[in-house]
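[1] quick one, fold the following:
(one chain, ligands or ions: 1)
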Amino acid sequence: MLFAACGGDEEEPAAPPAATEAATEAPTEAPTEAATEAAAGGAKLAIAADPDGAKKFTETELTADAGQVEIDFSNPSQVPHAVDIEGVDGAVTETVTGADAPPVTVDLKPGEYTFYCPVGDHRQAGMEGKLTVR
Ligand SMILES: [Cu+2]
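    Sure thing, here's the model as predicted:
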């Protein structure tokens, strides 16, 4: 109700609510540098498990830019899965079933990696893929 009341100020020459709105919206677009930095340091690597429960990921070849990468693993199936990137300390997600795993952020150096599911025999069954970091 307070905001509705403010809207009624339109007739006044210097309506404070309008100025406040402008100030609120501007910062989201203005700092282009900050946005660029966020993109560079906030890269995301989306990985998903087969929705039908097969022991495989939806993609077997992924690429990422070197640096801080957030691993976002989604497992919509009713089979427990996780993601582990071979040879990268800490690059392993929680095992989830029918859910998204909490994001895991790792520092990736350029190179070729193998990501796989560490659950049971899933990797042997073919639940793995190649990750190229540039
Ligand atoms: Cu699995």
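
[2] the lowest-mean-pLDDT helix or strand in the chain: what's the following helix or strand?
    For the chain, counting by mean pLDDT, DSSP states H and E, helix 32-41 ranks last in confidence among helices and strands (a mean of 44). The helix or strand immediately downstream of helix 32-41 is strand 43-48, counting by DSSP states H and E.

[3] tell me which residues in that following strand are buried?
    Using 16 or more other Cβ atoms under 10 Å as the burial criterion, the residues of strand 43-48 that qualify are Ala43, Leu45, Ile47, Ala48. Where you see a C-beta, it was placed from the backbone N, CA and C, and this is true even at glycine.

[4] how far away is the first one from Asp84?
    With distances taken as Cβ to Cβ, to the nearest Å, Ala43 is found 19 Å from Asp84.

[5] ditto for the second one
    Separation of Leu45 from Asp84 (Cβ to Cβ) stands at 13 Å.

[6] any residue of the lengthiest strand in the chain up close to the ion?
    Of all segments of type strand in the chain, defined using DSSP state E, the longest is strand 67-75. No. For strand 67-75, no contact with the ion is found by Cβ under 5 Å from the ion; the gap never falls below 7.9 Å.
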